[in-house]
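*Asks:* based on what follows, work out the 3D shape:
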Amino acid sequence: MTSWNDFDAAEPELAARARVILSATVNGVLGTLRADGSPRLSGIDPFFLHADLWIGSMPGARKGADLRRDPRCSLHGIPWESRKVQEGAADPGEGDVKVTARAVLLADDAEHARVMAGFKEERGFEPPGPADLFRLDLESVVVIAVADDQLVIDRWSATGGRQTVRRT
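*Replies:* Numbering: from 1, shown residues only. Next up, the predicted model:
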């Protein structure tokens with residue numbers, strides 16, 4: 001698997017665009033697989049800490065149980081209401097981002113405390129109670145936007161590298 005840091009080293013411009021969109025997203029959509037193999041969609045607030053992309057889940061939540069059983073997941077971020085622009089940070093623009101990954105449960109208590117403290121520092125508020133934390137190991141990242149009346153699909157994968165497709 002590939003960390004966000006590895007992706008950033010391989011494709012810094014695309015990684016920066018994707019990060020701005022994901023960081024501006026008030027609430028993303030996480031796709032997981034239920035025990036019967038059917039899809040489940042859940043709201044999620046992804047965050048970055050120490051060059052990793054993280055998600056959290058309340059203990060006992062279905063999405064966390066899904067990820068423990070099958071770590072494959074997808075994350076969709078659309079900056080509907082951008083908190084970062086409101087705070088004067090980078091404008092995410094009109095694009096959206098899709099990530100496919102494998103979620104790795106953080107089991108180390110000291111590391112868990114460090115990530116929760118980092119969340120508080122980055123977001124400016126206390127995390128909303130206990131959480132199971134998952135680091136996302138990337139399989140692919142896609143940024144989709146419209147430019148010059150064309151749909152621009154800018155895709156990177158750990159196995160295929162970067163490809164950009166334009167559709168009219």
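
*Asks:* would you map the strands across this structure?
*Replies:* Counting by DSSP state E, the chain has strands at residues 28-33, 39-44, 47-49, 52-57, 72-77, 96-105, 132-147, 150-157, 161-167.

*Asks:* figure out which of the ones you listed is closest to Ala113.
*Replies:* strand 132-147 (10.3 Å; Cβ to Cβ). Any C-beta I mention is one placed from the backbone N, CA and C, and that applies to glycine too.

*Asks:* tell me which other helices or strands the closest one touches.
*Replies:* Packing partners of strand 132-147 (3 or more Cβ pairs under 8 Å, 6 or more residues apart in numbering; DSSP states H and E): helix 4-10, helix 12-24, strand 52-57, helix 62-69, strand 96-105, helix 109-123, strand 150-157.

*Asks:* mean pLDDT for the ones you listed: which is lowest?
*Replies:* For the helices and strands packed on strand 132-147, the weakest mean pLDDT is recorded on helix 109-123, namely a mean of 83.

*Asks:* quick one: residues in contact with that helix.
*Replies:* 47-50, 54, 56, 106, 126-127, 131, 133 (Cβ atoms under 8 Å, 6 or more residues apart in numbering).

*Asks:* could you rerun that using 6 Å?
*Replies:* Contact with helix 109-123 is made by 47, 49, 106, 126-127, 133, as judged by Cβ atoms under 6 Å, 6 or more residues apart in numbering.

*Asks:* when you compare where it runs with where helix 12-24 runs, what's the angle?
*Replies:* Relative orientation of helix 109-123 versus helix 12-24 (axes from the mean of the first three to the mean of the last three Cα atoms, to 10 degrees): 80 degrees.

*Asks:* if we can go back for a sec, redo the contacts of helix 109-123 as a markdown table? Include pLDDT and distance to Ala35.
*Replies:* Listed next are those as a markdown table, based on pLDDT from 0 to 100; distance: Cβ to Cβ, whole Å:
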| residue | pLDDT | distance to Ala35 |
| --- | --- | --- |
| Phe47 | 89 | 27 |
| Leu49 | 88 | 30 |
| Leu106 | 94 | 22 |
| Glu126 | 75 | 33 |
| Pro127 | 73 | 28 |
| Leu133 | 92 | 22 |
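
*Asks:* no further queries at this time; thank you.
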